[in-house]
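Undergrad: Next come a sequence and a model predicted from it.
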Amino acid sequence: MDDDPEQLDKYVEDLLQDRKPERTSLGDEDALRARQAAAMLRAARPGASLPSGDFVRRIQRSIEEWVRPQQEAAAPRRDLSRRSLLLGGAGGLAAGLVAAVAGQRLLHPSRNLGGQPPLVTEGTWREVMALQALRDGVPTRFSSGALEGYLLRTGQEVRALSAVCTHMGCLLNWSTFRSEFECPCHGATFDINGEPSGDYSDPNALRPLPVLEVRVVRGTVQVYTV
């Protein structure tokens with residue numbers, strides 16, 4: 001595990017300060033998992049710092065088998081590194097989210113929606129938020145069931161996209177400054193319509209972000225989710 005601790009610290013600080021992290025090489029799979037976990041924590045709690053040590057240690061004990069199957073369980077130390085906290089505390093959550101939506105997509109055939117199949121084909125409609133709470137032209141993050149996504153309002157019309165990067169499953173952040181979705185793990189970017197952009201604009205590089213079915217009922221936005 002040769003990921004530089006200082007490099008990971010800078011990466012996390014960039015996330016917490018809403019800065020685009022520098023693209024750097026990863027030493028191993030654990031380094032990738034640590035960054036995926038950091039991205040998930042940041043996306044789930046915008047503007048917040050890392051969770052408390054007690055919180056992380058509780059989660060670490062519950063998923064230790066998933067993260068470190070080859071190691072014996074050990075009592076958590078007070079001086080755990082930030083990398084250890086991220087791996088033990090949230091690595092499983094990031095993978096679980098991706099597995100949930102990917103599994104649903106594979107189990108059921110897709111229907112066509114504006115030329116692109118929806119991510120969820122068998123689920124239920126769930127209320128997300130009031131239409132008036134959405135700013136016109138500005139993606140708004142939401143969580144519903146097993147899904148993480150973004151709502152995009154244009155006038156009275158609302159669209160929805162998955163918030164999960166199609167590269168390695170990290171959760172995307174919306175950059176108001178650059179007007180694009182950014183992956184904090186590998187620097188992939190998507191435009192407001194979910195199409196890959198920048199270094200990943202080649203059609204063979206990345207798939208577009210999956211669309212989610214959405215509707216407005218009596219002024220409330222609903223998303224079809226699992």
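TA: Sure, I can see it.
Undergrad: Tell me how the protein divides into domains.
TA: 5-107, 124-225 (automatic domain parsing).
Undergrad: Any idea which of those has the lowest pLDDT on average?
TA: Per-stretch mean pLDDT for the domains of the chain is lowest at domain 5-107 (a mean of 51).
Undergrad: Okay, Arg207 and Arg141: tell me how far apart.
TA: 21 Å (CB to CB, to the nearest Å). (Each C-beta comes from the backbone N, C-alpha and C, glycine too.)
Undergrad: what's the spacing between the nearest residue to Asp191 once chain neighbours are set aside and Leu134?
TA: Excluding the flanking residues, the one nearest Asp191 by CB to CB, 6 or more residues apart in numbering is Ser197, at 4.8 Å. Using CB to CB, one gets 23 Å for the distance from Ser197 to Leu134.
Undergrad: cool, Val226 as well?
TA: 22 Å.
Undergrad: if we can go back for a sec, hmm, the residue nearest to Asp191 is touching Cys183, no?
TA: No. Counting by CB atoms under 8 Å, Ser197 stays clear of Cys183, with 11.3 Å between them.
Undergrad: out of the two, which sits in the more crowded spot?
TA: Neighbour totals were compared for Ser197 and Cys183, and Cys183 leads with 26 against 18 (other CB atoms under 10 Å).
Undergrad: So the more buried one versus Asn193, what's the distance?
TA: Taking CB to CB, one finds Cys183 at 16 Å from Asn193.
Undergrad: follow-up on the earlier one: what are the bridge partners for the residue nearest to Asp191, then?
TA: Thr189 (DSSP bridges).
Undergrad: and it, what is it in contact with?
TA: Listed by CB atoms under 8 Å, 6 or more residues apart in numbering, the contact set of Ser197 reads Glu180, Thr189, Phe190, Asp191.
Undergrad: Those residues into JSON lines, with extra columns for neighbour count and distance to Val216?
TA: Formatted as JSON lines, those follow (neighbours: other CB atoms under 10 Å; distance: CB to CB, whole Å):
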{"residue": "Glu180", "neighbour count": "18", "distance to Val216": "26"}
{"residue": "Thr189", "neighbour count": "21", "distance to Val216": "29"}
{"residue": "Phe190", "neighbour count": "24", "distance to Val216": "24"}
{"residue": "Asp191", "neighbour count": "15", "distance to Val216": "24"}
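Undergrad: For these, which two are the farthest from each other?
TA: Greatest spacing in these, by CB to CB: Thr189 and Asp191 (7.8 Å).
Undergrad: okay, and the common contacts of the two?
TA: Glu180, Phe181, Ser197.
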